[in-house]
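Q: My questions concern the predicted model and sequence given below.
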Amino acid sequence: MTVATQARARLRGQPPRSGWLVGRGAVLRFGMAVTVAMVAFGLVLLSESTNPLGTLRVMWDASVGTEFGRTEVLVKVIPFGLCALAVAVPARVGLINVGGEGQFYVGAWAAAGAVLYSGLPGWALLPAAFVAGATGGGAWAALVAVLRVKGKVNEAVSSLLLNFVAIQFVNYFVYGPWKDPRGPNWPFSPKFPDAAMLPTVYGDRLSIAIAFVAVGLVAMFLVLRYTRIGYHARVVGGNAVAAERSGIPVGRYLFWALVSGGAIAGLAGMAEVTGIQGRLRPGISVNYGYIGFLAAWLGGHRPLGILFACLLFGAISVGGDSLQLALGLPGSTVNILMALILFAVLAGRKNRTQVRA
Amino acid sequence: MYASLGEVIAQRAGITNLGVEGCMLAGACAAYIVAAETGSPYLGIIAAFAAGGLFAMLHAFLVVTRGANQLASGLALMFLGLGMTAFFGRPYVKVQITPLRDYAIPGLSDLPYLGSVLFHHDVLTYAVFPLAGLLWWFVFRSRWGVMLRAVGESTESAFAVGLHPARIQYAAVTFGGALAGLGGAQISLAYAATWVENLTQGRGFIAVALVIFAMWNPLRAMVGALLFGGAVALQLQLQARGVGVSPLLLDMTPYLLTIVVLLVWAQRGRDAFPAGLTKVFRGTG
Amino acid sequence: MTTLAALVPTHVAAAAPAALSARGLTKRFADVVAADSIDLDAHSGQILAVLGENGAGKSTLMKLLYGYYRPDSGTLAIHGRDLELHSPASARNHGIGMVFQNFTLIPALTVVENIALLQPGRGLRLDRRGLARRIDELSARYGLEVRPHVLVGDLSVGERQRAEILKVLASDARILILDEPTSVLAPQEVDNLLAILRHLRDDGFALLLITHKLREVFACADRVTVLRRGQVIGGGPIADFTSESLLAMMLGERQGATEVVAAPPAAPRGPGMRLEHVTALGADGRTALRDVTIDVPAGQIVGVAAVGGNGQSGFADVLIGIAALQAGRVELGGVDVTGASPASRLAAGLRIVAEDPVAQSAVGAMSIRENFMLTRARVDGKGVLLNLRRLAAAAAALAARSPFPVPAITRPLETLSGGNVQRVVLVRELQPHGRFLLVYYPSRGLDVASSRAVQQLIIDLRDQGAAVLLVSEDFDELEALSDQLLVMHHGHVVGSFARGSVDWLRVGRLMTGEADA
């Protein structure tokens, strides 16, 4: 059977561990990795005679040090966390979803479409956007899933390629049919009505979508731990041959795990347009899909790990924005720090060798 | 074009480098800085080669020596490239450089229509064509090429016949990154002749797509790159004649075509990938 | 028991040191000693056959000789000079070449390219034409016909093997190790190969032929060394042995019922598992079962004896319903389940103790408890939520009822040794609700007490009415447990013996393809 043979070759021996907490040893190693990365980052800054301590100070103040900063970190956690979940869920059945970016865009597009062109009354706009976002992202991932399960096409490659298609797809609409006729000649969709904006829970910018992340993480934990589906999913991810021999329909699990992942990324897109942007425009995702991939990976595809990773990346990202204002450094300087942390963790982790692209 | 050629080499050794984008940025930025400081774009080219190679070497270290996840390491490399070049390149954003000169090939460049398109370019552009041929020869005809492909197909078998897979993978990934660096240099020194943050704008990923589309063949990668480039040119032509094809839809075609190619190959039951593309092997003790 | 060392001087002039000799080679893997202080001498111009059953340690020994593994202790010498092999590369530099059982040719490269990989030399240039000429010379000389510019993936198996031998010859090796070279070949190809080997011997090569086929040993070997359980059991010039004496050494003496539990005879109790003219592909895409008809009645144990790779692996995927049948049908308890899903077959009471428990029926990242749940999670209800408490209680009960000690059930499986994983799978699968049991190598990796407990468990289940298909390499176990014993070769059932009438020499001949059915 096709799925079995593929699974045999690919899935064996690379299961994300089960469980809620990361191990103590892991925390220690992680702390060391972050320290090493910080020092290396400091050296990079020094080389251009920028004061590393001052820089870190600015970043700290901007992100963790103030209430506003902390809120902003949570604002970032929304797309990071959802995109990380979009990676983690398929990862639990042994699939690699690099398509969070594209699923994000299509989710945002579908949500925008529901808000702007469905003609629904105001109270129904948000639920419609929610459903549309999840469906859009899920459908985009379903393409990958069908290619994988029926067509035997590697899901990592196809999901990555579809990212670029999705971006162009959204561009087509915002440059074309959906361009705001009343606005200046910018590639923006019309502004959403207020009824289509997610309510905020704290400050002006932190929307209720933070609850999506919380619910998603907790649900992931509960489903994996307490339900038959979750248990079967873990078996599929742990050893697909054993799963098939135990009568678990492996192909179906692969399909639905990818689709759920896509739906979650789609919700991230929906949260972005209805929570922050208020319209569809090009470049709504600043590599969120990829950052989510790295966060999920850094967090070991476990809920709590993902949360920590997203908070860390959120803080770095917010801190980066402040560098521009305070020190005149380019905002993406912090990408160095993020990459260094990842490298340090990658180099320090006892890696399993079996990885596929 | 350089980037996809480089990625062909790396993937032939069984290692995907999603960080091509990072290598390209590093190359573009290093080339620009050196060109600006020394006034010589040719020194810039050398710097680009070195910078791209160094970046890729980091990837090779993590993946080959430390057995790290290739995708995670590659993406991290992309972010490192974004950050480093933004940081170090910032002082040069408004600096002018002497760009690479375009050389017209006497006689040919005066041909009507095609002449200026085909025969009026910088050295890097000219060099890529013989390079593709050379790499094709290298991969398919040379002794080292056989070793490279052997490692990419099965590190275990390669080890069993007495090769050193890790060394070969290091070399391939580093060389691939160096070529990606040249690709970046071509953009910053010739095509754009300027430096801004994120100059390459995802071209590294196109390179990855092209490699798959080209089925890991340098010549086909070349043809693919020209086709995709041609698509852009074609759409300009079409627009000029008032044919309304959305350029954005045209931009999707490379990726969609690549997926179709993958699908067709998968159906034929042949593994489209160099078989060992994804496993990182460590020699048995 | 004679040792090899004692036999050496009787045959060879003591003055000529062996082309390749080993003294006291030992290699351990986790809890198994795969090679136990092995002595061995291969001389130029001779073929030394290394004979042993599956799992006797032949392949490990060969990989030690080729530098693929490094020995834990012991020494190697070539032409009397001690040497240490760090890698296959250093073995090659000393003129040792190996023809692997599963070839190391790379399918996506052509024959010439594959051979080029083994060529010493530097530089970029690949001298295709020169190499092709060299290949033509060698193949003409030894009758090794191949098409040099064809992709290896497109060659036939026999051709691939010839290419593999050519590859080794072209690298100027003078000591050739051949690991079960005939296992993949058709009979006429085997004769062809043996002729080639004799030709090579006459040209002064030293050859080591690893095999479990007596016919080949007598057809071409000059000397023989017999391995069992990682040790050299005996050996010497081939003329000193008969096929009976070699078989007896290979299989070990029958030790009666001291180590195994003998099952009392039992009567069949109606329909059990039945395969009817089944032909199916194995996981590797090769045909595993060829027109196999087996009837395992309820209340009976049917044993299967076969050398590894002769189709017995195919039973699992066929019975569970993962393998697509090319022909035939499968019945469980008199009901045709040919098209039924794995889940429904499990529900009907099918249980499998897998051939490779770690790879096929356990999840390393999960705890023993969660692995116990694997079959129960489907059995215990259909709701969304798992009844964790009940499953945990069931798992604890399983562990408590286990006839042998099971490690703490919260431990992740990947921290266990192979033997303990085997225990976990045995405990899970050999439960009273199982009506149709397929059991592979039940006592592999277990100590004597645990083996006996498992064997008793299987007998108990039989007596409760289960149909048991037992695949084993332990002849004592097969003889003691089986109500009927089948012999398989090349995917066919080639022999059948009732309880009490098993002729082990004949079984051995049938297994190795020496005798026809």
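A: Good, I have the coordinates.

Q: okay, CA-based contacts and neighbour counts for the rest of this
A: Fine.

Q: Please name the residues that touch residue 339.
A: With no chain named, the answer covers chain A. Shown in contact with residue A:339 (CA atoms under 8 Å, 6 or more residues apart in numbering or on different chains): B:76, B:77, B:79, B:80.

Q: Can you look at chain C instead?
A: Shown in contact with residue C:339 (CA under 8 Å, 6+ apart): residue C:321.

Q: Quick check: the gap between it and chain B.
A: Between residue C:339 and chain B the computed distance is 25 Å (CA to the nearest CA, to the nearest Å).

Q: Residue C:139 now?
A: Where chain B is concerned, residue C:139 sits at a distance of 20 Å (CA to the nearest CA).

Q: show me what contacts the closest residue to that residue other than its chain neighbours?
A: With sequence-adjacent residues excluded and distances taken as CA to CA, 6 or more residues apart in numbering or on different chains, residue C:139 is closest to residue C:145, at 5.6 Å. Contacts of residue C:145 were listed using CA under 8 Å, 6+ apart, and they are C:139, C:159, C:162.

Q: Looking at pLDDT only, which of these scores worst?
A: Between the contacts of residue C:145, the one the model trusts least by pLDDT is residue C:159, at 81.

Q: Show me which residues of chain B are close to chain C?
A: Counting by CA under 8 Å from any CA of the partner chain, the residues of chain B close to chain C are B:141-144, B:146-147, B:149-150, B:153-154, B:157-163, B:284-285.

Q: one more time with 10 Å, if that's ok
A: With CA under 10 Å from any CA of the partner chain as the criterion, chain B comes near chain C at residues B:138, B:140-154, B:156-164, B:274-275, B:283-285.

Q: Identify the residue nearest residue C:294 in space, chain neighbours excluded?
A: Take residue C:294 and drop its neighbours on the chain: the residue closest to it by CA to CA, 6+ apart is residue C:275, 5.1 Å away.

Q: Quick check, the one you found in contact with residue C:335.
A: No. Counting by CA atoms under 10 Å, residue C:275 sits too far from residue C:335 to count as a contact (11.6 Å).

Q: Between the two, which has more neighbouring residues?
A: Between residue C:275 and residue C:335, counted using other CA atoms under 10 Å in any protein chain shown, the more crowded position is residue C:275 (22 against 13).

Q: and the more buried one, helix, strand or coil?
A: On the three-state scheme (DSSP: H, G, I helix; E, B strand; the rest coil), residue C:275 is labelled strand.

Q: got the contact list for it?
A: C:291-296, C:315, C:318-319, C:328-332, C:336, C:338 (CA atoms under 10 Å, 6 or more residues apart in numbering or on different chains).

Q: Which pair of these spans the longest distance?
A: The largest distance within the contacts of residue C:275, taken as CA to CA, falls between C:291 and C:332 and amounts to 18.1 Å.

Q: Between the two, point out the one with more neighbours.
A: residue C:332 (24 against 18).

Q: what pLDDT, on average, does stretch C:404-413 get?
A: If you average the per-residue pLDDT over stretch C:404-413, you get 81.

Q: next one: that stretch to chain centre, how far?
A: Stretch C:404-413 sits 28 Å away from the centroid of its parent chain (CA atoms, centre = their mean, to the nearest Å).

Q: ditto for stretch A:261-277
A: For stretch A:261-277, the distance from its own C-alpha centre to the chain's C-alpha centre is 10 Å (CA atoms, centre = their mean).

Q: Kindly report the same for stretch C:147-164.
A: Relative to where its chain is centred, stretch C:147-164 has its mean C-alpha point 25 Å off (CA atoms, centre = their mean).

Q: How about it, which residues are buried there?
A: C:147-148, C:150-152, C:155, C:157-164 (16 or more other CA atoms under 10 Å in any protein chain shown).

Q: Tell me how many other residues crowd the residue in the stretch 401-517 of chain C that chain A sits nearest to.
A: Proximity to chain A, evaluated over the stretch 401-517 of chain C using CA to the nearest CA, is greatest for residue C:414 at 9.5 Å. Neighbourhood size, residue C:414 [other CA under 10 Å]: 17.
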